[in-house]
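Q: Pasting the sequence and the predicted model now:
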Amino acid sequence: MKRMAIFISGRGSNMENIVRQVKRGKIRAEAGLVFSDKPGAPGLKKAKAFGVETAGLERSAFESKELFEKAILEILKSRRIDFIVLAGYMKIVGPVLIRAYPGKILNIHPALLPSFKGAHAIRDAFDYGSRVTGVTVHFVDEQVDHGPIILQEAVTIGLRDRLPAVEKKIHAAEYRLYPRAIELLVSGKLKIKGRKVLIRS
Ligand code: GRF
């Protein structure tokens, strides 16, 4: 079975959902590691409670992003990690990791890319007055919120919805979409062709 690392920076609710789906056999991979750039991230405690190995490294402890990522890479290698899923990881992944895991890093973004890139996508779509937003799972490349799209799900912003209601709908969509995309990756069904992802049936 392929071994997965889940990268988080905060509460880790997607990580929790992914680990649950692994335990239920809905994702046929092992949860080999939860890594955080915030050693105090609440998600790390949750991961430990699930019996998943954890590691934390702070960017500020390293002179450069390159050295930071080389240290992460050592950890990933020592845990025999085959692929990475970013789940609320708030650092931009750099060339060291991307080149070590080509086509093997996924991200989830809480908007319909290429709209509303960046760290406040749910609020940005809401403030813009969008009536439809959503969730995107995509491969990570060297540009932010940019790589080939695997799955998207639309979420309607009702005329009476306030921001917390929209956030709730987005997270519910994330919990449906991310495990499906990860299972597609581990079952070898995804092929990247230029900007597009082909899904074999
Ligand atoms: C999610 O909305 C995800 O799309 C974004 O960051 C948030 C992480 O939430 N990249 P959580 O830590 O999984 O609860």
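A: Yes, it's here.

Q: which SS state does the residue of the chain found nearest the ligand fall under?
A: Going by C-beta to the nearest ligand atom, the ligand is nearest to Gly88 of the chain, at 2.6 Å. Any C-beta I mention is one placed from the backbone N, CA and C, and that applies to glycine too. Under DSSP: H, G, I helix; E, B strand; the rest coil, Gly88 falls in the coil class.

Q: hang on, it packs against Asn14?
A: Yes. Using C-beta atoms under 8 Å, Gly88 is in contact with Asn14, at 6.1 Å.

Q: just the helices in this structure please.
A: Along the chain, the segments classed as helices by DSSP state H run 13-23, 42-49, 65-78, 95-100, 121-128, 163-186.

Q: Could you confirm whether any residue of the fifth one contacts the ligand?
A: No. For helix 121-128, no contact with the ligand is found by C-beta under 6 Å from any ligand atom; the gap never falls below 6.9 Å.

Q: The residue most central in space within the chain pairs with what?
A: In the chain, the residue lying closest to the centroid (C-alpha atoms, centre = their mean) is Leu86, at 2.7 Å. Applying DSSP bridges to Leu86 gives these bridge partners: Phe7, Asn107.

Q: quick one: contacts for it?
A: By C-beta atoms under 8 Å, 6 or more residues apart in numbering, the contact set of Leu86 is Phe7, Val93, Ile105, Leu106, Asn107, Ile108, Val140.

Q: How much space separates it from Arg160?
A: To Arg160, Leu86 is 33 Å away according to C-beta to C-beta, to the nearest Å.

Q: Next: Met90.
A: Using C-beta to C-beta, Met90 is found at 31 Å from Arg160.

Q: one step back: and the gap between the residue nearest to the centre of the chain and Thr156?
A: The gap separating Leu86 from Thr156 is 26 Å, by C-beta to C-beta.

Q: Not counting sequence-adjacent ones, nearest residue to Gly10?
A: Closest residue to Gly10 apart from its sequence neighbours, by C-beta to C-beta, 6 or more residues apart in numbering: Gly88 at 5.3 Å.

Q: That neighbour: how many residues sit nearby?
A: By the criterion of other C-beta atoms under 10 Å, Gly88 has 21 neighbours.

Q: now Lys45
A: Around Lys45 there are 12 other residues, counting by other C-beta under 10 Å.

Q: same check, this time on Leu113
A: Count around Leu113 with other C-beta under 10 Å applied: 19.

Q: And Gly194, by the same measure?
A: With other C-beta under 10 Å as criterion, Gly194 counts 6.

Q: same question, Ala55
A: By the criterion of other C-beta under 10 Å, Ala55 has 18 neighbours.

Q: of all the contacts of Leu86, which two lie farthest apart?
A: Val93 and Ile108 (13.3 Å; C-beta to C-beta).
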